[in-house]
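**Q** Below is the sequence, then the predicted model.
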Amino acid sequence: MLNPNLDDIQLDKEEYERYSRHLILPEVGLEGQKRLKAASVLCIGSGGLGSPLLLYLAAAGVGRIGLVDFDVVDRSNLQRQVIHGTSWVGKPKIQSAKDRILEINPYCAIDLYETRLSAENALQIMEPYDIVVDGTDNFPTRYLVNDACVLLNKPNVYGSIYRFEGQATVFNYEGGPNYRDLYPEPPPPGLVPSCAEGGVLGILPGIIGVIQATETVKIILGKGTTLNGRLLLYNALDMTFRELKLRPNPVRPVIEKLIDYEMFCGIPQAKAAEAEQQSALQEMTVTELKQLLDSGADDFVLIDVRNPNEYEIARIPGAVLIPLPDIENGTGVQQVKEALNGHKLIAHCKLGGRSAKALGILKQSGIDGINVKGGITAWSREIDPSVPEY
């Protein structure tokens, strides 16, 4: 609870030394440090945002930290998820995070929930904590966290990142707005690329995660002015901060229960449409493509629909770069027609999704083609390991 009985909270000699720089701050002092020790915070995710958040909450002396995560550490995480190390690749993030937290501050009690947060378990997991911090990267979970916080009357410290830009605010606090006031409806599936598709500056989640940690500590201390009612927008390339005012929507729907958030965000519908599109496409494996390339056949054109910077990282021999955005805006369609010159079309991307989309667009212009299943990632794993996997 945010107003604990501080008479029951004591610091030992080592803690006085550990937190000395807090204790001499008039805004924190002994009472504030006891508030931090008495507080409990639940962090959803230990990825880009969760990493700095967890590190600084632990260092600050938050007494109980809960962590929800079910993923394992991947080498591509290490560029931004600074709580994890190389020795933890392939192992559970939740255990990696716990080890690092306790190395920073053994006085923290750590609760682990190695599970996917869902409508079935969210209320039970979140109920014991004073504050919930959203470190997730997908819309269904963000709506779930928001609605559960509203039902439980918990502050929701929010952050999100994309490429070079980040957002942060505090939802559902002191009568302020919640996530549905900012985004009443989710965007169409696939409209906002993930970090894996769109990329992200590794430093960016560090900045937004530290802002989330700062807001969390301020709520615990009851000091300062929080981001409640203000959406902080950060642009790393321009090094600018802007603010937007947020207000509760008086006509927003009342949240009465948790729902199926995958369905709400259109995920099953999008997957069904994608599956239907895939079933209508002719596909080939990378093994079949390799056999075709080795045969010396010259009756086909292989196009690569990835972005130019991806093409610089890795490429399949003989592939012609015609990026998907060019195909979407129409200029690439003419390029494909000129490249084909009566030959058959084969298309690939990183994993197969963008090339399938490109082929769907080209089909509307009367151009049929074959999609390479698994894209250049499958080529790297199954055909040529010297091709970098990114």
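**A** Cool, the structure landed.
**Q** Show me what the lowest-mean-pLDDT helix or strand in the chain is packed up against.
**A** Comparing every helix and strand of the chain by mean pLDDT, DSSP states H and E singles out helix 267-280 as the least confident one, with a mean of 74. The contact analysis (3 or more Cβ pairs under 8 Å, 6 or more residues apart in numbering; DSSP states H and E) places helix 267-280 against helix 353-364. Every residue, glycine included, has its C-beta placed from N, CA and C.
**Q** at 10 Å what do you get?
**A** On a contact count with 3 or more Cβ pairs under 10 Å, 6 or more residues apart in numbering; DSSP states H and E, helix 267-280 meets helix 261-264, helix 353-364.
**Q** Out of the ones you listed, the one nearest residue 168 is which?
**A** Nearest to residue 168, of all the helices and strands packed on helix 267-280, is helix 261-264, at 21.8 Å by Cβ to Cβ.
**Q** tell me which strands and helices the closest one is in contact with?
**A** Checked by 3+ Cβ pairs under 10 Å, 6+ apart, helix 261-264 has helix 139-152, helix 267-280 packed alongside it.
**Q** Report the distance from the last one to the chain centre.
**A** Going back to what we said before, that points to helix 267-280. In terms of Cα atoms, centre = their mean, to the nearest Å, the centre of helix 267-280 is found 23 Å from the chain centre.
**Q** Could you do stretch 60-73 as well?
**A** Worked out by Cα atoms, centre = their mean, stretch 60-73 lies 16 Å from the chain centre.
**Q** can you count the residues close to the residue nearest to residue 211 when sequence neighbours are not counted?
**A** Spatial nearest neighbour of residue 211, chain neighbours left out: residue 168 (4.6 Å); criterion: Cβ to Cβ, 6 or more residues apart in numbering. When neighbours are defined as other Cβ atoms under 10 Å, residue 168 has 25 of them.
**Q** In three-state terms, label residue 168 for me.
**A** strand (DSSP: H, G, I helix; E, B strand; the rest coil).
**Q** can you pull the contacts of it?
**A** Going by Cβ atoms under 10 Å, 6 or more residues apart in numbering, residue 168 touches 49, 157-161, 207-212, 214-215, 227, 230-234, 241.
**Q** For residue 233, report the pLDDT, please.
**A** The per-residue pLDDT reported for residue 233 equals 98.
**Q** Report the contact partners of it.
**A** 165-169, 240-244.
**Q** roughly how far out does stretch 359-366 sit from the chain middle?
**A** 32 Å.
**Q** Quick one: mean pLDDT for it?
**A** Stretch 359-366 comes out at a mean pLDDT of 93.
**Q** For that stretch, which outside residues touch it?
**A** Contacts for stretch 359-366 (Cβ under 10 Å, 6+ apart): 274, 277-278, 280-283, 303, 305, 322, 324, 327-328, 330, 332-334, 336-337, 340, 345-347, 367-371.
**Q** Counting residues, what is the longest helix that the protein contains?
**A** helix 204-221 (DSSP state H).
**Q** Which strands and helices lie in contact with that one?
**A** Helix 204-221 packs on helix 29-38, strand 40-44, helix 50-60, strand 131-134, strand 156-162, strand 165-171, strand 230-235, going by 3+ Cβ pairs under 10 Å, 6+ apart.
**Q** Mean neighbour count, these: which tops it?
**A** Sort these by mean neighbour count, taking mean count of other Cβ atoms under 10 Å, and strand 131-134 sits at the top with a mean of 27.
**Q** buried sites along stretch 73-93?
**A** For stretch 73-93, the neighbour count (16 or more other Cβ atoms under 10 Å) marks 73, 77, 80-84, 88, 92-93 as buried.
**Q** Tell me which two of those sit farthest apart.
**A** When the buried residues of stretch 73-93 are compared pair by pair using Cβ to Cβ, the maximum separation belongs to 80 and 92, at 18.3 Å.
**Q** any low-confidence regions in the chain?
**A** For the chain, the stretches with pLDDT under 70 are 1, 277-279.
**Q** Domain boundaries for it, per the record?
**A** 39-270, 281-382 (automatic domain parsing).
**Q** Dump the ones you listed into JSON lines; add distance to residue 389 as well.
**A** Shown next, in JSON lines, are the domains of the chain (distance: least, Cβ to Cβ, whole Å):
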{"stretch": "domain 39-270", "distance to residue 389": "9"}
{"stretch": "domain 281-382", "distance to residue 389": "5"}
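**Q** returning to what we had before: beta partners of the residue nearest to residue 211?
**A** residue 159, residue 232 (DSSP bridges).
**Q** among the contacts of stretch 359-366, which ones are buried?
**A** 274, 277, 281, 283, 303, 305, 322, 324, 327, 332-333, 336, 340, 345-347, 367, 369-371.
**Q** Helices - which of these land there?
**A** 274, 277, 324, 327, 332-333, 336, 340.
**Q** can you tell me which of those residues lies nearest to residue 263?
**A** Nearest to residue 263 among those is residue 274, at 15.7 Å by Cβ to Cβ.
**Q** residue contacts, that closest one?
**A** 189-190, 353, 356-357, 360.
**Q** what does residue 317 give?
**A** With Cβ under 10 Å, 6+ apart, residue 317 has these contacts: 290, 293, 302, 379, 384, 387.
**Q** Quick check on the residues you listed: which are buried?
**A** Here, 16+ other Cβ under 10 Å leaves 290, 293, 302, 379, 387 buried among these.
**Q** Which single one of those is nearest to residue 119?
**A** Distances from residue 119 to the buried ones among the contacts of residue 317, taken by Cβ to Cβ, are shortest for residue 379, at 39.0 Å.
**Q** Mind telling me what element the closest one is part of?
**A** helix 375-382 (DSSP states H and E).
**Q** and the angle for that helix with helix 353-364?
**A** Here helix 375-382 points in a direction 130 degrees away from that of helix 353-364 (axes from the mean of the first three to the mean of the last three Cα atoms, to 10 degrees).
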